[in-house]
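Peer 1: 3D, please:
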Amino acid sequence: MSDSTVTRLDRIETDRGARLGIITIDNPPLNLFDTALLESLAADIAELVAAPPRAVLLRAEGKMVSGGVDVHVFDGLSVEEGAQLWRTLFTRIIHPLESLPCPVVFAAHGLTLTAAFEIALACDIVLAAPRAKFGLVETVVGLTPSMGGPQRLAERAGSGRARELVMTGDLYDAATLADWGVVNAVHEDVDTAARALAARLADGPTRAHAATKQIVAAWRSGGVAHADSVTPQVSGELFGTEDLRGAVRSFLEVGPGKASYTGR
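Peer 2: Next up, the predicted model:
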């Protein structure tokens, strides 16, 4: 667990003994992404990278997930300082989070703006409450979202929707973004649903989930042909895992759905 007061990293075990990491944003009243929150989140992610659990859940306390970035972060930056800010946030938050070798779930219970929304888009699965609203509203200060939001939104919803959402700066509800494929599912009690999903994924074949992420990442960077080219090696390595060998034996002996996994 980190010592920070603006984020908290808890490592817990599921009922089956799988390791689950939970990052909680808690920077009241608005959970603004100021320098302290960005630094604390980066430190938590670095800790997960150093010792990956079998699944990760990102969530927030308070009435909203986040009211966005504290505009003081941008005040007075030069061109090079602005570019370096985005390089740092990609290097320390977005790319490490996206590259974790386990499923990452984001739970949005309320308003989710700018940096929080971009971080959600870097996660594998986004769950939302019906009352949640999302927005990339950087145009109010003359910016465009620069932590990967537009391109990841375009991947999920199409380039036309991405341009609409970013250029209008409007807020979009969970149901709309579920229709667009940005939000994976909407739940009345999203925190409970997200914890249950994260635990279920943590209990699963972690190495297989990591392989899925590698194959999808290959598709994202080079299309179907590139993904096809890496799949034999990535998937082939799973035949050396205890989980695959044990699950195959379990399937043959007692049928599907009975295997237990250790992540090895």
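
Peer 1: all contacts plus neighbour counts: C-alpha atoms, from now on.
Peer 2: OK.

Peer 1: So G263: helix, strand or coil?
Peer 2: For G263, the assignment made with DSSP: H, G, I helix; E, B strand; the rest coil gives coil.

Peer 1: Please shift the residue numbers so they start at 40 in all later answers.
Peer 2: Fine by me, first position is 40 from now on; the one you just mentioned is G302.

Peer 1: out of everything not next to it in sequence, what's closest to it?
Peer 2: T245 (4.8 Å; CA to CA, 6 or more residues apart in numbering).

Peer 1: dump the residue contacts of the one you found.
Peer 2: R93, P140, C141, Y300, T301, G302, R303 (CA atoms under 8 Å, 6 or more residues apart in numbering).

Peer 1: Tell me the first helix or strand C-terminal of the biggest helix by length in the chain.
Peer 2: Counting by DSSP state H, the longest helix found in the chain is helix 245-275. Next along the chain after helix 245-275, taking DSSP states H and E as the criterion, comes helix 281-293.

Peer 1: quick one: buried residues of that next one?
Peer 2: Neighbour-count burial for helix 281-293, counted by 16 or more other CA atoms under 10 Å, picks out E281, D282, L283, A286, S289.

Peer 1: ok, for the third one, nearest residue in space, not its chain neighbours?
Peer 2: Beyond its immediate neighbours in the sequence, the residue positioned closest to L283 (CA to CA, 6+ apart) is L277, lying 6.5 Å away.

Peer 1: The one you found: what's it in contact with?
Peer 2: R246, A247, L283.

Peer 1: now swap in K102 and tell me
Peer 2: Applying CA under 8 Å, 6+ apart to K102 gives the contacts L69, G149.

Peer 1: same thing but at 10 Å, please
Peer 2: Residues near K102 by CA atoms under 10 Å, 6 or more residues apart in numbering: P67, P68, L69, N70, H148, G149, L150.

Peer 1: and of the contacts of T245, the nearest to L160?
Peer 2: Relative to L160, the closest of these is C141; by CA to CA it sits at 15.7 Å.

Peer 1: What count of nearby residues applies to the closest one?
Peer 2: Applying other CA atoms under 10 Å, we find 28 residues neighbouring C141.

Peer 1: Where does pLDDT dip in the stretch 40-189 of the chain?
Peer 2: Scanning the stretch 40-189 of the chain for pLDDT under 70 picks out the ranges 40-43.
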